[in-house]
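1. Generate a structure from the sequence data that follows.
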Amino acid sequence: MKPVILDVDTGIDDALAIAYALNSPELEILGLTTCFGNGPVEKTTRNTLVVLEQLGKSVPVYPGADKPLSRPPKKFPTHIHGEDGLGNRVAKSPVMEAESESAVDYIINQVKQRPNEITIIAVGPLTNLAHAVKKDPEIVSLVKEVVIMGGAVFIKGNVTPYSEANIFTDPHAAECVFSSGLPVTLVGLDVTMKTLLPNTILADWRATGREVSDFFADMTSFYMHAYETFHPGIGGCALHDPLAVGVVVDPSFIKKETWNVKVFLEGEEMGRTVAQAEGEPKIQVCTRVEADRFLNHFLNRLF
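-> The predicted structure follows:
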């Protein structure tokens, strides 16, 4: 089993990624760390606990960053994830509680206790990881791998013509992580936009008659309706965050290229991720995906 810390800003595709990760026997999920992004950190932490309870899983949750490193916070994407961040499906507060240790300290402590063993899967803004690197640079040489859902290296963005949402939310954190020397694999829109979850699958989920399946179907339906607004006729939604988990479960789902990736930190192109052949450090950028094989794997694991 691969020991994993999953760093989330739990909205709808984060919830799908959490379910996929926790139901993948290849992964040992040590803990979940939360960040602002799809909502304020108080809400994303609550949502993480709600999803765990729906799945009947018990994993420690560590609250993290509540704002970007440098830029002003942007408006939360309630039009994509709902007012509650989970498609307006949160009916009650979770019974489970978050841990008192901060996400940043938890990441540092775990990595130093298990040197060269831990994979960090980050599917939200990279603020927690940037803070950890700044607080204790030693961890850069002690992390086995960092798999990030973020960026749009060779295609256009999804929040601006240039930028993907996670990078745009805290571009300074992304630049800090990319330039740190951490062993990064970037799972960006270049591949995630090819992983379409069809809307027809929701009827199958509801047909199981299970509360957890209904919860995920209703939540994902909200997400799919939002997708139709921006991509008329798409017939589903992309599996952004789950693909980052899939890359750790089975690296053969994707093909990678080695690039030096820089992040634009100002102007109308803020958050843009640009690949350069020259310069260091290099990171691995996912450029191709076996989408159908990944989708089948995801669906077989989800519940």
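2. what ranges do the helices span in the stretch 101-250 of the chain?
-> 103-113, 127-135, 165-169, 171-178, 189-192, 201-207, 211-230, 240-249 (DSSP state H, counting those that start in this stretch).
3. Turn these into JSON lines, columns for mean neighbour count.
-> Heads up, the C-betas are built off the backbone N, CA and C, glycines and all. Compiled in JSON lines, those are given as follows (neighbours: other CB atoms under 10 Å):
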{"stretch": "helix 103-113", "mean neighbour count": "20"}
{"stretch": "helix 127-135", "mean neighbour count": "24"}
{"stretch": "helix 165-169", "mean neighbour count": "28"}
{"stretch": "helix 171-178", "mean neighbour count": "25"}
{"stretch": "helix 189-192", "mean neighbour count": "25"}
{"stretch": "helix 201-207", "mean neighbour count": "14"}
{"stretch": "helix 211-230", "mean neighbour count": "18"}
{"stretch": "helix 240-249", "mean neighbour count": "27"}
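4. Which one of those lies nearest to Tyr62?
-> Closest to Tyr62 of the helices of the stretch 101-250 of the chain, according to CB to CB: helix 103-113, at 4.4 Å.
5. Could you name the helices and strands sitting against the closest one?
-> Secondary-structure packing of helix 103-113 (3 or more CB pairs under 8 Å, 6 or more residues apart in numbering; DSSP states H and E): strand 2-8, strand 27-34, helix 127-135.
6. Just the pLDDT at the nearest residue to Ser213 once chain neighbours are set aside, thanks.
-> Nearest-residue entry for Ser213: Trp205, 4.4 Å, with adjacent residues in sequence omitted and distances by CB to CB, 6 or more residues apart in numbering. According to the prediction, Trp205 has pLDDT 96.
7. For Lys134, give me its contacts.
-> Cys176 (CB atoms under 8 Å, 6 or more residues apart in numbering).
8. Would you check how far apart it and Val191 are?
-> Computed with CB to CB, to the nearest Å, the distance linking Lys134 and Val191 is 29 Å.
9. now Val59
-> Going from Val59 to Val191 by CB to CB gives 27 Å.
10. for His81, same thing?
-> Remark: distance between His81 and Val191 (CB to CB) = 22 Å.
11. Pro251 too?
-> For Pro251, the distance to Val191 - CB to CB - is 13 Å.
12. Next, name the residue at the spatial heart of the protein.
-> Val123 (1.4 Å; CA atoms, centre = their mean).
13. Contact partners for that one?
-> Listed by CB under 8 Å, 6+ apart, the contact set of Val123 reads 6-9, 13-14, 17, 148-149, 166, 240-241, 244-245.
14. Return the closest of those residues with respect to Glu228.
-> So of the contacts of Val123, ranked by how close each gets to Glu228 (CB to CB), first place is Asp13, at 15.6 Å.
15. tally of neighbours for the closest one?
-> Residues lying near Asp13 (other CB atoms under 10 Å) number 27.
16. Checking my notes, it in a helix, right?
-> Yes. Judged by DSSP: H, G, I helix; E, B strand; the rest coil, Asp13 forms part of a helix.
17. oh, and call the first residue 50 from now on, that's how I've got it
-> New numbering, starting at 50: the last item is Asp62.
18. Distance of the nearest residue in space to it that is not next to it in sequence relative to Gly230?
-> Distances taken as CB to CB, 6+ apart place Asp290 nearest to Asp62, at 4.3 Å, with adjacent residues excluded. Distance, Asp290 to Gly230, using CB to CB: 25 Å.
19. Kind regards, and thank you for your time.
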